[in-house]
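> one predicted model, sequence on top.
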Amino acid sequence: MQADIGNALDGALGLDRAALDDLDDRVADAHERIASGRRESEHGYAALNLPETCDPEPIREAAAGFDPESVLTVGIGGSALGAATITDALDSPVDAYYLDNVDPAWVRDLLDSLDLSETVLNVVSRSGTTAETLANFLVVREAMTDAGVDWTERTVVTTGAEGNLRAMAEKHDLPALDVPEGVPGRFSALSTVGLFAAAVAGHDLDELLAGAASEAEKLSGSLYDSPGYAYGAVSYALAERGAAVNAMMPYAESLERFAEWYAQLWAESLGKDGRGQTPARALGATDQHSQLQLYRAGPADKLVTLVRPRESADAGIPETELEGLEYLGGSSLGDLLDAEFRATEASLAAAGRENVRLEINRVDERGLGELLYATEAACVLYGELAGVSTFTQPAVEWGKKAARGLLGGGDFPEADAVRGKRTLEID
Ligand SMILES: O=P(O)(O)OC[C@H]1O[C@H](O)[C@H](O)[C@@H](O)[C@@H]1O
């Protein structure tokens, strides 16, 4: 991956090269902390070791027993978004679906549309206790039984050492993949969590991990040596100067889910102690015709992250006799997308609005491995520089406990706050 941070400098927020050079001393210290966490396989830091520690063989073996039409992943947050980012980005004859919400109509529609006898079910939960995931699993299991499908023959579980899901896998003797120790869900794309659906879909796990490894090798004590660190350092420096929002804007339909994955990573890891940077999601070129207005002319409180592959399949634009459109004819949709990308970049820069360009060669396994790993490294570095606890999520846990208390799943004081909601109703 390559990061071009030129347009992050000398814009409205006033970050200049000298300030970035000064920050590089702190990057060196942060890198030492990260390297030590990786050496000791500390919680969270262990995720940056996945290019070396993730063994793709058991994942491939678990997938090899199936030749399905589709793979259905039941999980939420980090237990769905990494896999979804990979399978959405890459073509495969196997369709990949994700039940990562409990909207009843949506769940029912999806299940009605699938041939469950031709579907592999992957239930993914690190904790093995997440209510949405377990509830959806029970619904899918029943739907399989109703369709005359032996769910125990078509289910693979991915979970931690303990929890309801582990117990269920043992009880029914289901194939189970282990969630690696020390790897939080939002950092688990390059592990059993993110790679099973990719393996079923026939994607090259070795290349995904090799792409990640190539970015891991670049991590050093200077932001100028690593695209991941460069992006993390610049995001942090701009946030300190007022970039409260970071808009992730890939110029590829296939990377739309990547922006969703990034939003969890950035929000849940960095939003602590009154600090953080709000992730926004945009898609080029579509959102040039909507959100760009705000990014260029609204408050100067944003970094816009433009992501694109350098190469992709192209489609020619036919010659036209339509007056005024001659310039399009004989060109291609790829040329148009490229022009739109560069125009957006220039339009933001001309207005002093900071932006960064992240590029991979292609949206393939290698490019995705690079992009996922480098973004994780960026996030970890940002967390170190900001002094936040990157790998915890107490605010999310609060809401989980409150919901569980409301459902009668235990005595949680958080549920009392829900019962005490203030109201001011207007009809
Ligand atoms: O994998 P699970 O234990 O089911 O957790 C799924 C998700 O649950 C929580 O909301 C966490 O905050 C997320 O980080 C996690 O990815």
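Everything's here; your move.

> from the ligand, how far off is the residue lying closest to residue 162 once chain neighbours are set aside?
Spatial nearest neighbour of residue 162, chain neighbours left out: residue 128 (6.6 Å); criterion: CB to CB, 6 or more residues apart in numbering. (C-beta placed from N, C-alpha, C; glycine too.) Remark: distance between residue 128 and the ligand (CB to the nearest ligand atom, to the nearest Å) = 7 Å.

> which residues in the stretch 1-150 of the chain form helices?
According to DSSP state H, counting those that start in this stretch, the stretch 1-150 of the chain carries its helices in the segments 17-39, 50-53, 56-64, 81-89, 104-113, 131-146.

> looking at those, which is buried most?
helix 81-89 (a mean of 26; mean count of other CB atoms under 10 Å).

> by contact count, what packs against that one?
Under the contact criterion of 3 or more CB pairs under 8 Å, 6 or more residues apart in numbering; DSSP states H and E, helix 81-89 touches strand 70-74, strand 95-99, helix 192-200, helix 256-270, helix 365-386.

> make it 10 Å
Secondary-structure packing of helix 81-89 (3 or more CB pairs under 10 Å, 6 or more residues apart in numbering; DSSP states H and E): strand 70-74, strand 95-99, strand 119-125, helix 192-200, helix 256-270, helix 365-386.

> quick one: mean pLDDT for the second one?
Yep, that's strand 95-99 we're talking about. Throughout strand 95-99, pLDDT has a mean value of 98.

> for the third one, same thing?
For strand 119-125, the per-residue pLDDT values average out at 98.

> find the nearest non-adjacent residue to the residue in the stretch 151-300 of the chain that the ligand sits nearest to, please.
Going by CB to the nearest ligand atom, the ligand is nearest to residue 185 of the stretch 151-300 of the chain, at 2.7 Å. With sequence-adjacent residues excluded and distances taken as CB to CB, 6+ apart, residue 185 is closest to residue 78, at 2.5 Å.

> quick one: pLDDT of the one you found?
According to the prediction, residue 78 has pLDDT 97.

> ok, residue 248 next?
For residue 248, the model assigns a pLDDT of 98.

> may I have the phi/psi pair for it?
With angles defined as degrees, to the nearest 10, residue 248 sits at phi -90, psi 120.

> next: residue 303.
phi -110, psi 130.

> pretty sure it contacts residue 13?
Yes: counting by CB atoms under 10 Å, residue 303 does reach residue 13; the two are 8.4 Å apart.

> how about the residues of the stretch 1-150 of the chain near the ligand?
76-79, 125-127, 130, 133 (CB under 6 Å from any ligand atom).

> now for residue 296, how many residues are close by?
18 (other CB atoms under 10 Å).

> my guess is it contacts residue 345, does it?
No: with contact defined as CB under 10 Å, residue 296 and residue 345 do not form a contacting pair (11.1 Å).

> what sits in contact with each of those two?
Both residue 296 and residue 345 are contacted by residue 304, under the criterion CB atoms under 10 Å, 6 or more residues apart in numbering.

> my read: residue 183 touches residue 79, true?
No: with contacts defined as CB under 10 Å, residue 183 does not count as touching residue 79, sitting 11.4 Å away.

> residues shared between the contacts of these two?
Taking CB under 10 Å, 6+ apart as the contact rule, residue 183 and residue 79 both touch 126, 193.

> quick one, what contacts the closest residue to residue 35 other than its chain neighbours?
Nearest residue to residue 35, sequence neighbours excluded (CB to CB, 6+ apart): residue 219, at 7.8 Å. Listed by CB under 10 Å, 6+ apart, the contact set of residue 219 reads 31, 34-35, 38, 48, 225-226, 228-229, 373-374, 377, 380-381.

> what is the nearest of those to residue 269?
Of all these, residue 380 has the smallest distance to residue 269: 7.9 Å, by CB to CB.

> so which residue is dead centre in this protein?
residue 261 (1.9 Å; CA atoms, centre = their mean).

> against residue 45, how distant is that residue?
20 Å (CB to CB, to the nearest Å).

> same check, this time on residue 27
To residue 45, residue 27 is 16 Å away according to CB to CB.

> low-confidence regions, the stretch 51-200 of the chain specifically.
Along the stretch 51-200 of the chain, no part satisfies pLDDT under 70.

> am I right that residue 185 is in contact with residue 159?
No: the criterion here is CB under 10 Å, and residue 185 misses it with residue 159 at 11.3 Å.

> which residues do the two both contact?
Joint contacts of residue 185 and residue 159 (CB under 10 Å, 6+ apart) are 75, 79, 124-127, 179, 193.

> turn those residues into CSV, including neighbour count.
Listed next are the shared contacts of residue 185 and residue 159 as CSV, based on neighbours: other CB atoms under 10 Å:
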residue, neighbour count
75, 29
79, 28
124, 33
125, 30
126, 24
127, 17
179, 26
193, 33
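
> max pairwise distance over those residues: which two?
Largest pairwise distance in these, by CB to CB, is 12.0 Å, between 127 and 193.

> between those two, which contacts overlap?
In contact with both residue 127 and residue 193: 79, 159, 179, 185, using CB under 10 Å, 6+ apart.

> and the helices of the stretch 1-150 of the chain: which comes nearest residue 240?
Comparing the helices of the stretch 1-150 of the chain by CB to CB, helix 17-39 comes nearest, at 9.2 Å.
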